[in-house]
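Would you be able to build a 3D model of this:
(chains A, B, C and D)
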2 protein chains.
Amino acid sequence: MTMSSSSTGGRRRPPTIHDVAREAGVSRGTVSRVLNGGHYVSPAAQEAVNDAIRRTGYVVNRHARSLITGRSDSIGFLLTEPQERFFEDPNFNVLLSGCTQALAGHDIPLLLMLAGTKDERRRITRYITAGHVDGVLLVSSHSGDRVAEELREAGVPLVQCGKPMGPGSKVSYVAADDRDGARDMVRHLLDTGRRRIGMITGPLDTPGGVDRLAGYREVLTEAGAESDEGLVVSGDYSRASGEAGAERLLAQAPDMDALFVASDLMAQGALAALHRAGRRVPDDIAVGGFDDSVAATEAVPALTTIRQPYDRISAEMVRLLLAQIGGEDPAAVILPTELVVRDSA
Amino acid sequence: MTMSSSSTGGRRRPPTIHDVAREAGVSRGTVSRVLNGGHYVSPAAQEAVNDAIRRTGYVVNRHARSLITGRSDSIGFLLTEPQERFFEDPNFNVLLSGCTQALAGHDIPLLLMLAGTKDERRRITRYITAGHVDGVLLVSSHSGDRVAEELREAGVPLVQCGKPMGPGSKVSYVAADDRDGARDMVRHLLDTGRRRIGMITGPLDTPGGVDRLAGYREVLTEAGAESDEGLVVSGDYSRASGEAGAERLLAQAPDMDALFVASDLMAQGALAALHRAGRRVPDDIAVGGFDDSVAATEAVPALTTIRQPYDRISAEMVRLLLAQIGGEDPAAVILPTELVVRDSA
DNA sequence: TTCTCTACTGTGAACGCTCACAGAGCAGGG
DNA sequence: CCCTGCTCTGTGAGCGTTCACAGTAGAGAA
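The predicted model follows:
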């Protein structure tokens, strides 16, 4: 009934495991065992300890625990893109909340780390290698990025979103099947009678950018199309680059009757450019996007696109990371995409 | 010239302060002093230690440090809004990068924590009170939110963005002068000949929402306007709510010749609604926003708005938080706003 | 009985760091 | 000469926890 002084508001020193042990009439070891699953603890001791914890208001000191276990029970979501991209691209939102949710099931908090500049990357890398998180969910596509390598070398469990650029890289990753998705879209455009199909690619220093272009080219070649000379320009997944890309394509290939854009956000930009040029979508020109983000449904007309299963991607990323933290070897997961037909194609 | 084995890829045990001491030929104490500012260390020792750190690839183990200092040398940026709002509202972007930059000067990493749901808030609050961050920059406006109180009771240094709702609250905060900003905007609308001025307010359970409305009413009253009956509706700062608000106002007060909207994002929505209704801006109706975010310059026509000095706000938040961590008492800072005239009014 | 096995418990020894303290060396003042 | 004060250095203790180990008691088997 009586509250021990340590549970009142203005306490000085937080109670330690030692205080709990004294209060419960057992040893530190027993308290620790209760805290960590309760194996080899008698029911009587179990109860006495739980009571004492309640009475003292004891909270485990995670720094002390981490010091010895080497674990921190938290996970970092590291984004090495410029900050604007993070806010502009709706995919990040979906990915982030997916990961947060997947981790919530394990009661692990997710720490978001934005490292857009070189300086930030240095600071955050040091923070991570100092053991402040048990593992990192890395979202970064560009090949010039050394962060993944650095973290891997430092022995930090890591799962990347999207295929890494280097071929022999031993890093875990989860990705959608970009090539296959691109093939589906281009086939759909061909099936609906389009013949002059242009493409705005993603950044070609990323596997996603390269693979979607490869899928596009494969299908066109299989269909017996001649060269795609003048039909391909590349962007950086931003809205603005989609707009600029479409303008360039319209100038280079005015007879284009379809346009495959490697992200919905770029496709939004492309739609704006097409609209300005007086082309009706899909009557004059069909437009296909990629991602199936909110940008696809918000676009006018709503975009036909390739759905990336972000819910499954984030779930798999978390699963792989926890497995890796548990000692398993890195692994790669490729998930299938799906064609979503709306109004633009 | 030779690299110690610990700096190669597959190291087992990370180097400790002890390894560095041995490598440098000094004691643990001296290494520790170098690590913590280098006071009372001879130049020769200083250099030897720095060399040894470089050679061994030593990174301080922050758990061990934290265990004894009680500090974690990191700061949390806590957002208790639903996640969509975070991505939609460009103000968060600006605020976040401002804080990151301000902290970079102190070499302190910023951890972003999104706690949109009750469950997330519980997890994150526990994480914070367990001492994982030294202080919290809190962005959350709603009054129903108990997070600020909880953290303050747990003794966590805290600075809020925006005035807290409760009157007697002892929590630090930094805010722009919302009332004064609103006054400036409404005066500007009056000065340019407008007479029937409507308003879309922010959420009225936030001081920002209340104060901007108060400023609006004061100026109208001073100008001798009759009741604003039917001229005021409220939104939640989202684009969609601005659109809906403008529609409602158009129905209630078709003779309105100006509209003051409590955020640029809502103003964007309002512009869309006005456009649909065939009203020309600013010819038929003037529109004034609030924030001066990118939404203001992206809007068509570009928004006349009230600039919130987000760069100074974030700098002040960081300054206040660091001061509070250093033992100073909480304080409040109110920063002036500025009228920015563009095309919409 | 005695021995073994199992369930449970307590005790040092870490983990890697900082902090307080003591002590060395040297200068300057009485 | 000693004393004081300064800069610099090393050492032991301890932060709060887990882990390995040793040791106890009681049950069952030999």
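
Please make it C-alpha for all contacts and neighbour counts, starting now.
Fine.

Can you verify my assumption that residue A:133 contacts residue A:71?
Yes: taking contacts as C-alpha atoms under 8 Å, residue A:133 lies within contact range of residue A:71: 7.5 Å.

Tell me which of these two has more neighbours.
Taking neighbours as other C-alpha atoms under 10 Å in any protein chain shown, residue A:133 and residue A:71 compare with residue A:133 leading, 21 against 18.

DNA strand D contacts on the stretch 1-150 of chain A?
A:13-14, A:16-18, A:28-29, A:31-33, A:35-36, A:59-62, A:64-65, A:67-69 (C-alpha under 7 Å from any atom of the strand).

Looking at the stretch 101-250 of chain A, what residue ends up closest to DNA strand C?
residue A:130 (8.7 Å; C-alpha to the nearest atom of the strand).

Tell me the pLDDT of the closest residue to that residue other than its chain neighbours.
Take residue A:130 and drop its neighbours on the chain: the residue closest to it by C-alpha to C-alpha, 6 or more residues apart in numbering or on different chains is residue B:61, 5.4 Å away. Residue B:61 carries a pLDDT value of 91.

and what of the one 5 residues further on?
On pLDDT, residue B:66 comes in at 93.

And residue A:331, by the same measure?
92.

ditto for residue A:120
85.

Okay, and it sits in which element?
Per DSSP states H and E: residue A:120 is located in helix A:118-127.

List the buried residues for that helix?
By 16 or more other C-alpha atoms under 10 Å in any protein chain shown, the buried positions in helix A:118-127 come out as A:120, A:121, A:123, A:124, A:125, A:126, A:127.

Would you mind measuring from the fifth one to residue A:70?
When you say that, I think you mean residue A:125. Distance, residue A:125 to residue A:70, by C-alpha to C-alpha, to the nearest Å: 17 Å.

try the last one
Using C-alpha to C-alpha, we find residue A:127 at a distance of 14 Å from residue A:70.

what does residue A:117 give?
29 Å.

Compare neighbour counts for those two and give me the winner.
residue A:70 (16 against 12).

Please name the nearest non-neighbouring residue to that one.
residue A:131 (7.2 Å).

What about that neighbour, how many residues nearby?
If we define neighbours as other C-alpha under 10 Å, then residue A:131 has 20 of them.

my read: it touches residue A:72, true?
Yes: the pair residue A:131 and residue A:72 passes the contact test of C-alpha under 8 Å, sitting 7.2 Å apart.

Break chain A down into its domains, please.
For chain A, the structural domains run A:5-60, A:75-175+A:310-335, A:178-307, going by automatic domain parsing.

ranges for the strands of the stretch 1-150 of chain A?
Assigned by DSSP state E, counting those that start in this stretch, the stretch 1-150 of chain A shows strands spanning A:75-79, A:110-114, A:135-139.

Could you dump those strands into TSV with mean neighbour count, mean pLDDT and distance to residue B:192 added?
Below are these laid out as TSV (neighbours: other C-alpha atoms under 10 Å in any protein chain shown; pLDDT from 0 to 100; distance: least, C-alpha to C-alpha, whole Å):
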stretch	mean neighbour count	mean pLDDT	distance to residue B:192
strand A:75-79	22	92	46
strand A:110-114	24	87	44
strand A:135-139	24	93	49
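
Export these to a markdown table and append columns for distance to chain B.
What follows is those, written out as a markdown table (distance: least, C-alpha to the nearest C-alpha, whole Å):
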| stretch | distance to chain B |
| --- | --- |
| strand A:75-79 | 9 |
| strand A:110-114 | 5 |
| strand A:135-139 | 13 |
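
Could I get those in CSV, plus columns for distance to residue A:100?
Converted to CSV, these look like this (distance: least, C-alpha to C-alpha, whole Å):
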stretch, distance to residue A:100
strand A:75-79, 9
strand A:110-114, 6
strand A:135-139, 11
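
tell me the contacts of the residue nearest to residue A:70?
The neighbours of residue A:131, taking C-alpha atoms under 8 Å, 6 or more residues apart in numbering or on different chains as the test, are A:70, A:71, A:72, B:61, B:62, B:63.

Please name the residues that touch the residue of the stretch 101-250 of chain A closest to DNA strand C.
B:59, B:60, B:61, B:62.

And residue A:178, by the same measure?
A:208, A:211, A:212, A:215, A:337.

Likewise for residue A:27?
A:18, A:21.

How confident was the prediction at it?
94.

same thing with residue A:342?
Residue A:342 is given a pLDDT of 96.

would it count as being in a helix?
No: applying DSSP: H, G, I helix; E, B strand; the rest coil, one finds residue A:342 to be coil, outside a helix.

for the residue nearest to it when sequence neighbours are not counted, phi and psi?
Excluding the flanking residues, the one nearest residue A:342 by C-alpha to C-alpha, 6+ apart is residue A:304, at 4.5 Å. Note on residue A:304: its backbone torsions stand at phi -70, psi 130 [degrees, to the nearest 10].

what about residue A:304, neighbour count?
Neighbours of residue A:304 using other C-alpha under 10 Å come to 25.

Residue A:29 now?
12.

quick one: residue A:54 and residue B:254, what's the gap?
From residue A:54 to residue B:254 the distance is 63 Å (C-alpha to C-alpha).

Roughly how far does the residue in chain A positioned nearest to DNA strand C sit from chain B?
DNA strand C sits closest to residue A:41 of chain A, with a gap of 3.3 Å, by C-alpha to the nearest atom of the strand. Look at residue A:41 and chain B: by C-alpha to the nearest C-alpha, to the nearest Å, they are 26 Å apart.

next one: residue A:231
Residue A:231 is 30 Å from chain B, by C-alpha to the nearest C-alpha.

Tell me, how many residues neighbour that residue?
When neighbours are counted by other C-alpha under 10 Å, residue A:231 comes out with 19.

Residue A:271 now?
Residue A:271 has 25 nearby residues by other C-alpha under 10 Å.

where does it land in three-state SS?
helix.

Is it correct that it is in contact with residue A:243?
Yes: if you go by C-alpha under 8 Å, residue A:271 and residue A:243 touch, sitting 7.5 Å apart.

Those residues of the stretch 51-200 of chain A touching chain B, which are they?
Contact residues (C-alpha under 8 Å from any C-alpha of the partner chain) of the stretch 51-200 of chain A with chain B: A:59-64, A:66-67, A:83-84, A:87-88, A:90, A:93, A:97, A:104, A:107-113, A:120, A:123-124, A:126-127, A:129-132, A:153-155.

what about the stretch 201-345 of chain A, any weak spots by pLDDT?
Within the stretch 201-345 of chain A, not a single segment meets pLDDT under 70.
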